[in-house]
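In: Okay, predicted coordinates and the sequence, questions at the end:
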Amino acid sequence: MASGTIVIKSLAFPDKKLEGVHFICRESEVLPGEMFRFEIKGTQTVPYLLIHLPDGEWRAFEQKCTHLSCAVHYVSENNRIECPCHKGFFNAHTGEVIQGPPPRPLPQLE
């Protein structure tokens, strides 16, 4: 019964898509090779990682592994996003799965 209520609620009241520009932090707060965790409040609060890649590029991904929703983190030595639960690895530039059980890439913000 509870599961049916969740399915009906999600179909009747879908979450709003995150749109617009949101201030996260100052560029000077995240050095190249570092990450910054943040959340954007909305209909659903979702944790994200903002990564300042060594080449100067910036990327933002959901912080939940697409396998079992464990919290992922950026490892600058390997320049990849890692899930410690089941050794899932993601490309830090694209979010694509490199290795492990995750079935999909990490959702990415623009």
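Out: Nice, I can see it.

In: per-residue confidence for the residue lying closest to His22 once chain neighbours are set aside?
Out: Leaving aside its chain neighbours, His22 sits nearest to Ile40 (5.5 Å; criterion: Cβ to Cβ, 6 or more residues apart in numbering). (Glycine included, C-beta is placed from N, CA and C.) Ile40 is assigned a pLDDT of 80 by the prediction.

In: Ile40: neighbour count?
Out: A total of 15 residues lie near Ile40 under the criterion other Cβ atoms under 10 Å.

In: Could you measure from it over to Leu109?
Out: Taking Cβ to Cβ, to the nearest Å as the criterion, Ile40 is separated from Leu109 by 8 Å.

In: What of Glu29?
Out: In terms of Cβ to Cβ, Glu29 sits 17 Å off from Leu109.

In: So these two - more neighbours on which side?
Out: When neighbours are counted by other Cβ under 10 Å, Leu109 comes out ahead of the other of Glu29 and Leu109, with 15 against 11.

In: shouldn't the more buried one be in contact with Phe61?
Out: Yes - applying Cβ atoms under 8 Å, one finds Leu109 in contact with Phe61, separated by 7.3 Å.

In: Now do the shared contacts for the two.
Out: Shared between the contact lists of Leu109 and Phe61 (criterion: Cβ atoms under 8 Å, 6 or more residues apart in numbering) are residues Tyr48.

In: The nearest residue to Cys85 once chain neighbours are set aside: what's it in contact with?
Out: The shortest distance from Cys85 to any residue that is not its chain neighbour, by Cβ to Cβ, 6+ apart, is 3.8 Å, and that residue is Cys70. The contact partners of Cys70, by Cβ under 8 Å, 6+ apart, come to Lys64, Cys83, Pro84, Cys85, His86.

In: what stretches of this protein score poorly on pLDDT?
Out: 1-19, 43 (pLDDT under 70).

In: can you pull out the helices in it?
Out: Defined through DSSP state H, the helices belonging to the chain, from first to last, are 2-12.
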